[in-house]
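J.: mind looking at a prediction? Sequence and model below.
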Amino acid sequence: MTEPLTMARIVDTAEALAVAARLSGSFAAEASTRDAERLLPYEQVCELKRSGLLTLSVPAEHGGLDVPATVLAEVFRLLAHGDPSVAQIPHSHFTFLEVLRLQGTERQRGFFYGLVLEGALFANAQSERGPHPIDVDTTVLLRRGAGDYLLTGRKFYSTGALFADWIVVRASVPADAADAPTAATPKAVAFVPRHAPGLTVIDDWDGMGQRTTASGSVTLDEVRVPADHVVPFTPIFRRPTVYGARAQLWHAALDVGIATAALEEGVRLAARARPHFESGAPVATDDPTLIQSAGEVAVTVRAAQALLGEAARAVDAATADLTEDTAAAASIAVATAKVAAERAALRASTALFELGGTRSATVSANLSRFWRDARTHTLHDPTRWKLHHIGRYLLSGTRPPRHGQL
């Protein structure tokens, strides 16, 4: 059940960005300690719920602001600048609100959007471990005679599930109970209360980075799901949408947030570093080689920020005028931003040690968390395939495929 909250009401996009900036500073204050000691951010997640930011994409007809992608991308970047682990927790929340928009019935939208306006957080249970291919969900929804479903399976990398009020589970819907799910088996998502009988969340995430996302396992043992809580998923990809582009845009914003934070930390460290004796400079910030390094990384980070904004505008343009061509252009713009964001996050989180010198490498400083967060988060989906689709689109006009990672 959703815990009682005193919810703030955000009235416009300017206030949304101001609230995100305030939370960014608040989350940053103890982010290093939470990472070092793996202290899960329950208080920070409650603060996020109370802030009203989780309601930003609720459609206006259901009482929300329905902010443009440009605003929500910047909200994600600001939150990740403060603490990328906390910022990743609501990623699936906004992604599944988009599933409701695209595939939910009016009754489902009214019910679940209403929960969000009261402070509910949705989390995901999507990914599974092999040996089966990544596009096969062995977790199944089997219809019972009464019209509801039984949900059975096991999910991994379920980011934010420990903090959630509702967990959204992606599952195959076989025609017959004896059918083994394949990539072609229709899929749906089931909205399940966090404490539903048969659902267990296991805190077994041991990633080197993004350590406090609580991206553990979810087990489902014949969980009863009413038909009204099941939303078709497969049909999203039978027509042009910006579902995948939105999901990837939020991921790109997280990486850019890591990059801007790492660059900011590098500048702070450089102000206290000792100059190399060969430079003859009185302070490190006058060392010409350090100046060169700072300029290089600044260009990389600012370029990623600019591409993030360009991609968000492409998503907004496609949302306003959705066609095969605008959806494809949005996906390619987001893929481009995601590649740039990955490079910027990894480059900036390495460069901060160049800027800070030897003392920046101490365990007590815990500055490795920037690189560990960047490297862990950027493994979500391979940018080499994004480059492949970008190149094909550029050279032959081939539209990218429709799936949740483009």
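T.: Nice, thanks for sending it over. Residues are numbered from 1 along each chain as shown.
J.: just the buried residues of the helix or strand hosting residue 334, please?
T.: For residue 334, the host element (DSSP states H and E) is helix 324-356. Buried residues in helix 324-356, counting neighbours by 16 or more other Cβ atoms under 10 Å, are found at 326-349, 351-356. C-beta coordinates here come from the backbone N, C-alpha and C atoms, glycine included.
J.: next helix or strand past that helix?
T.: helix 368-377.
J.: and the contacts of that next one?
T.: 31-32, 35-36, 84-85, 88, 207-211, 251, 254-255, 258-259, 261-262, 265, 342, 345-346, 348-350, 352 (Cβ atoms under 8 Å, 6 or more residues apart in numbering).
J.: swap in stretch 140-150?
T.: 151-153, 171-174, 177, 181, 188, 190, 222-227, 230.
J.: mind checking the end-to-end distance for that stretch?
T.: 8 Å (Cα to Cα, to the nearest Å).
J.: show me which residues of that stretch are buried.
T.: Along stretch 140-150, these residues count as buried under the neighbour rule (16+ other Cβ under 10 Å): 140, 141, 142, 143, 148, 149, 150.
J.: same deal with stretch 215-223?
T.: 215, 216, 217, 218, 219, 220, 223.
J.: closest one of these to residue 200?
T.: Distances from residue 200 to the buried residues of stretch 215-223, taken as Cβ to Cβ, are shortest for residue 219 (4.7 Å).
J.: the closest one in helix, strand or coil?
T.: strand (DSSP: H, G, I helix; E, B strand; the rest coil).
J.: what's the nearest residue to the most centrally placed residue in the chain if we skip its chain neighbours?
T.: Nearest to the mean C-alpha position of the chain, by Cα atoms, centre = their mean, lies residue 91 at 3.6 Å. Distances taken as Cβ to Cβ, 6 or more residues apart in numbering place residue 250 nearest to residue 91, at 5.2 Å, with adjacent residues excluded.
J.: so that neighbour versus residue 94, what's the distance?
T.: 6 Å (Cβ to Cβ, to the nearest Å).
J.: kindly report the same for residue 335.
T.: 19 Å.
J.: kindly report the same for residue 22.
T.: As judged by Cβ to Cβ, residue 22 and residue 94 stand 19 Å apart.
J.: quick one: which of those two has more around it?
T.: residue 94 (21 against 14; other Cβ atoms under 10 Å).
J.: what's in contact with the host helix or strand of that one?
T.: Element membership of residue 94, judged by DSSP H and E, is helix 91-103. By Cβ under 8 Å, 6+ apart, the residues outside helix 91-103 that reach it are 54, 56-59, 72, 76, 108-109, 112-113, 116, 121-124, 126, 159-160, 168, 189, 191, 231-233, 235-236, 241, 243, 246-247, 250-251, 254, 404.
J.: restricted to buried residues, select the residues you listed in ChimeraX.
T.: Filtering those down to the buried ones (16+ other Cβ under 10 Å) takes a single ChimeraX command:
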select :54,56,57,58,72,76,108,109,112,113,116,121,122,123,124,126,159,160,168,189,191,231,233,236,241,243,246,247,250,251,254,404
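J.: ok, back up a step: which strands or helices does the helix holding residue 334 pack on?
T.: helix 243-270, helix 288-320, helix 368-377, helix 383-396 (3 or more Cβ pairs under 8 Å, 6 or more residues apart in numbering; DSSP states H and E).
J.: quick check: angle from it to helix 288-320?
T.: Going by axes from the mean of the first three to the mean of the last three Cα atoms, to 10 degrees, helix 324-356 is angled at 160 degrees with respect to helix 288-320.
J.: how much distance is there from helix 324-356 to the middle of the chain?
T.: 14 Å (Cα atoms, centre = their mean, to the nearest Å).
J.: how does this structure divide into domains?
T.: Domain segmentation of the chain under the TED database yields 11-120, 138-231, 238-394.
J.: for the residue nearest to the centre of the chain, give its distance to residue 404.
T.: Taken as Cβ to Cβ, the span from residue 91 to residue 404 is 12 Å.
J.: and residue 156, helix, strand or coil?
T.: Assignment for residue 156 (three-state DSSP): strand.
J.: the helices in the stretch 101-250 of the chain, which residues?
T.: Per DSSP state H, counting those that start in this stretch, the stretch 101-250 of the chain carries helices over the ranges 106-117, 243-270.
J.: out of the ones you listed, indicate the one that is most buried.
T.: Comparing the helices of the stretch 101-250 of the chain by mean neighbour count (mean count of other Cβ atoms under 10 Å), helix 243-270 ranks first with a mean of 26.
J.: what is that helix packed up against?
T.: helix 69-82, helix 84-88, helix 91-103, helix 288-320, helix 324-356, helix 368-377.
J.: returning to that earlier point: which residues do residue 250 and residue 94 both contact?
T.: Common contacts of residue 250 and residue 94 (Cβ under 8 Å, 6+ apart): residue 72.
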